[in-house]
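**Student:** A predicted structure for the sequence below; I have some questions about it.
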Amino acid sequence: MLRFIVRRLLQLIPTLLGLSILLFVWLQRLPGGPENALLPDNAPPEQREALRESLGLDEPFTVQYFSFLGRILQGDLGASIHTGRPVLEEFLTRFPATFELAVTAIVIAVAAGLPLGYLAARRRGGALDFAAVGGSLLGICTPVFFLAFLLKVGLAEQLGLFPSAFRLSPAVNRTDITGFFVLDGLMTREWDVVWDALLHLALPGLALASIPLAVITRMTRASVLEVMGEDYVRTANAKGLHRTTVRTRHVLRNALLPVVTAVGLLSGQLFAGAVLTESVFAFPGIGSFIYEATHGRDYPVLTGFILLIAAMYVVINLLVDISYSLLDPRVRAQ
Amino acid sequence: MFTKPSRKPLGLLAAAASLVLVASACAESDRDASGTDEGEPFIFAGAGEITSLDPFLANDGETFRYARQVIEPLLDHESGGTEIVGGLAEDWEQSEDGTEWTFHLREDVVFHDGDELDAEAVCANYDRWYNLTGEFQNANNSYYWQAIFGGFAENENDSMPESRYAGCEAVDETTAVIEVTEYSSVLPGGFSLASFGILSPSTLEAIEDEEITGGDGDFTLPDYTSDASVIAGTGPFSVEEWDQDQNSVTMERFDDYHGEPAGFQTMILRAIPDENARLQALEAGDIHGYDLVAPADVGQLEESGFQVPTRDVFNVLYLAYQQESHEALADIEVREALSHAVNRQRIVDTILPEGSEVATQFHPDTLDGWSEDVRTIDHDPDKAREMLADAGHEDLEVEFCYPAEVTRPYMPAPRDIFDVIVDDLQEAGVSVQETSYEWTEYTSQTENGNCSLYLLGWTGDYNDAYNFIGTWFSSHNDAWGMDNQDLFDDMSEVSSNPDEAERVAGYQDLNEQVMEELPGLPLSSSPPSIAFAPEVDPPNVSPLTQEIFAEASWK
């Protein structure tokens, strides 16, 4: 297992190297430059040029790339052109928000998607099955930003059930320990913080969960249907095993294998998907920061954040593979 | 075998949903109960995050919005207007040649940290800026110093001009004299910029050794620029916290403020970049006001009981004709024809917010130097067609650029404005090749002269015409491709005349000259809208978008 983990982690190196080259080529091709976002609209051309020079943007591509690579090897991702703070610090400041949001989304997706998919498979052709299949199709087809907008208008503006923006109400005082508001609230027993943070997570979490929820529901349904038709399930039933045992040990456990893989992949994608959701809900996470960095041509932030997200994606997939082996003894045996 | 479906999952779901609804209702009632309490924080949303607690290093409106509440400069603008009035200096005078500026400071002014304001403190701030070195001299970290005073004591870049700042002397406790090497029309307006807010002596001492670290395009701002405990100004609010986790700056009322105390105990500035998200946050009660309201939302907000006070205009939007990018545009007759083709009144009436007006010259009428005698250009498509035919360009085809996915205070709906103009040009027989760029590329393309026609504008920093026309028409540049040396010489002469009356008359003449040359067509001056919740008694709204929120309170 250790060799497997080390091998997978070593695969990170060529992955990130390739990605960094792609990113640099993309940024070179991206029209406009940060000097246009940083300086006032009527700043003279000489000042714009001086700023480009001071940012090293007048250097050839290779010089810029190897300078970047050299810094990366020393563990330095550079500093944001816009805020002047280290990229890693900016990432760590915003990571808890996006992580909480992604966890909320995946919890909603799994908590609702698994039982829905399972029940739909068990009652194939029934009303619940029809609703689950139709609903999941709708979930996949509806653009996240549109759903986010609908949720906001309906549940926040019209009904006032949830806040429409931010991570916490200003009236709520929190003790900052980890930057994860829910966790901090639990650790300090500030229940108002926990509750307020959860309310702020609800709508963006629900919007972000829409696609994973749909995927998980459909995958669970398909997987359960497939497993229910397997010989060993028929054998287990014929043996007279208790219905719950058959359903949990034989059907659900085997049906979950592809679903776990999907959950892992979807979790990684949530960090990228958070860009639009966070912007709609003014949720100050890494997604909204990337959105602003793209508009401001903040190259260090774009490269640093995307590389860090890619690294996280690989690690999440590694965790998925490990969990896969725990669920499926055949994988362990290999 | 038929098995009765279990009701448990549905029951659990129903119970969970009920719990969420009940709990949400509790939260909602909490929100309703607050709002107009005396101690309830006033929350205002801007379009972006601030970049530094020290406004000297910034050049963006959001940082200046925060700074205006906390750190005061020597001069200010009248509340709700553009006239320069005393700030920390009660009054001031300039020497005849405009190189010596004497400021008489207010008495009994204290900083948030308890230090007292005196002339030494003023000079310490100006001398600090003048003596900055290293990356502080980067255009992005001292933009306004360079715009007003040129260079530093020791320039580290050969292309930087020599500094106009010659020194500051504390004549007595309340009199500071700032000397400059030559007069420039950027003064006294420059003394009113938020960048030049006066920090306390203790703050200066604490940040004395702070440097911008890094190099080769990798600069890290010093820690004090995000540490609220270090920053002390004299404003009606003191800054308590910059929570970067939440993009918010919290300010508390300063009870020893030298003027009227702030109406709110606590004020929070938050960043909501998305225009719709700002609107929805106000409607949902999550904020109490926001800036840069889309014109299309003004009616909806007012109908719902929100307040959208109208600012006086202090900006201009123009349609530029780049004379070197298209042979026809070098011909004044073609530029005139295009100008006659555009129906500016239609843009003002249908797209821009209430209070907008057609611009007759390249700066708003609220600015000294605006001339009543500039030539007027009426909307006349027939005349436009005729003039194009006379100039031999009846089949004129021209590229027209506009910025996508952006709004500017002077240009709230670029695509809509673009569409109206394209429609007008087509009516005059002009074929338009549409090009759009995302903002950062747009400014680059227009600045490099790659767009024949384009939309751009400017919101003034202070009341001086040079801040508008001087930045565009003082020398040949690629953005306009205009080559009129007489005009450039006149601009230089007028802007360096220390006599205010003569200078204003000179600007009037320059405005008339510019409109004869017609490098572009001034389209409109429009007030960027600002909105407040019904329970807020709003501050005087400022044409410079420099509202002092201490003037606001709960109703």
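**Tutor:** Noted; the coordinates are in hand. Numbering: from 1, shown residues only, chains lettered A, B, ... in the order given.

**Student:** Tell me, what's the model's pLDDT at residue 205?
**Tutor:** You didn't say which chain, so I picked chain A. A:G205 is assigned 94 on the pLDDT scale.

**Student:** wrong one, I was asking about chain B
**Tutor:** Value for B:E205, per-residue pLDDT: 96.

**Student:** Doesn't it lie inside a helix?
**Tutor:** Yes. Residue state for B:E205 (DSSP: H, G, I helix; E, B strand; the rest coil) corresponds to a helix.

**Student:** Compute the number of surrounding residues for it.
**Tutor:** 11 (other CB atoms under 10 Å in any protein chain shown). Heads up, the C-betas are built off the backbone N, CA and C, glycines and all.

**Student:** I'd like the distance from it to chain A, if you could.
**Tutor:** From B:E205 across to chain A, the span is 22 Å (CB to the nearest CB, to the nearest Å).

**Student:** Quick check: which ranges of chain A have low pLDDT?
**Tutor:** Along chain A, segments meeting pLDDT under 70 span A:327-334.

**Student:** Scan it for its longest helix.
**Tutor:** Secondary structure assigned by DSSP state H gives helix A:191-228 as the longest helix of chain A.

**Student:** helices or strands next to that helix in the packing?
**Tutor:** Other helices and strands packing on helix A:191-228, by 3 or more CB pairs under 8 Å, 6 or more residues apart in numbering or on different chains; DSSP states H and E, are helix A:87-122, helix A:127-141, helix A:144-151, helix A:181-188, helix A:253-280, helix B:8-33.

**Student:** hmm, who's touching the second one?
**Tutor:** Contacts with helix A:127-141, where a contact means CB atoms under 8 Å, 6 or more residues apart in numbering or on different chains, come from A:116-117, A:119-121, A:123, A:210-211, A:213-215, A:217-218, A:221.

**Student:** cutoff 6 Å now
**Tutor:** Here helix A:127-141 makes contact (CB atoms under 6 Å, 6 or more residues apart in numbering or on different chains) with A:116, A:119-120, A:123, A:210, A:213-214, A:217-218.

**Student:** so B:W92, which of the three states?
**Tutor:** strand.

**Student:** For it, give me its contacts.
**Tutor:** B:F103.

**Student:** Would you quantify the distance from it to B:L518?
**Tutor:** 38 Å (CB to CB, to the nearest Å).

**Student:** Same check on B:G289?
**Tutor:** B:G289 is 40 Å from B:L518, by CB to CB.

**Student:** What are the buried residues along the longest helix of chain A?
**Tutor:** A:192-225, A:227-228 (16 or more other CB atoms under 10 Å in any protein chain shown).

**Student:** Repeat that for stretch B:292-307.
**Tutor:** Result for stretch B:292-307 [16+ other CB under 10 Å]: buried residues B:292-295, B:297-298, B:301, B:306-307.

**Student:** now swap in stretch A:251-261 and tell me
**Tutor:** Result for stretch A:251-261 [16+ other CB under 10 Å]: buried residues A:251-252, A:254-257, A:259-261.

**Student:** I'd like those as TSV, with distance to B:P222 appended.
**Tutor:** Formatted as TSV, these follow (distance: CB to CB, whole Å):
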residue	distance to B:P222
A:V251	61
A:L252	57
A:N254	59
A:A255	57
A:L256	52
A:L257	53
A:V259	50
A:V260	47
A:T261	47
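
**Student:** how far away is B:G189 from chain A?
**Tutor:** 14 Å.

**Student:** Just give me the neighbour total for B:P414.
**Tutor:** 22.

**Student:** How far away from the center of its chain is the next helix or strand after the longest helix of chain A?
**Tutor:** Beyond helix A:191-228 on the C-terminal side, the first helix or strand identified by DSSP states H and E is helix A:231-238. From the chain centre to the centre of helix A:231-238 is a distance of 39 Å (CA atoms, centre = their mean, to the nearest Å).

**Student:** where do the helices sit along the stretch 201-350 of chain B?
**Tutor:** Secondary structure of the stretch 201-350 of chain B (DSSP state H, counting those that start in this stretch): helices at B:201-207, B:275-283, B:295-303, B:332-341, B:344-350.

**Student:** Tabulate the ones you listed (CSV), appending distance to A:V246.
**Tutor:** Formatted as CSV, these follow (distance: least, CB to CB, whole Å):
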stretch, distance to A:V246
helix B:201-207, 71
helix B:275-283, 50
helix B:295-303, 58
helix B:332-341, 79
helix B:344-350, 69
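
**Student:** And the residue of the stretch 451-555 of chain B that's closest to chain A?
**Tutor:** Minimum separation of the stretch 451-555 of chain B from chain A (CB to the nearest CB) falls at B:T471, amounting to 4.4 Å.

**Student:** tell me what whichever strand or helix holds that residue is packed against?
**Tutor:** Using DSSP H and E, B:T471 maps to helix B:469-473. For helix B:469-473, there is no helix or strand it packs on, judged by 3 or more CB pairs under 6 Å, 6 or more residues apart in numbering or on different chains; DSSP states H and E.

**Student:** Which helix or strand lies directly C-terminal to that helix?
**Tutor:** Following helix B:469-473 in sequence, per DSSP H and E, is helix B:485-495.
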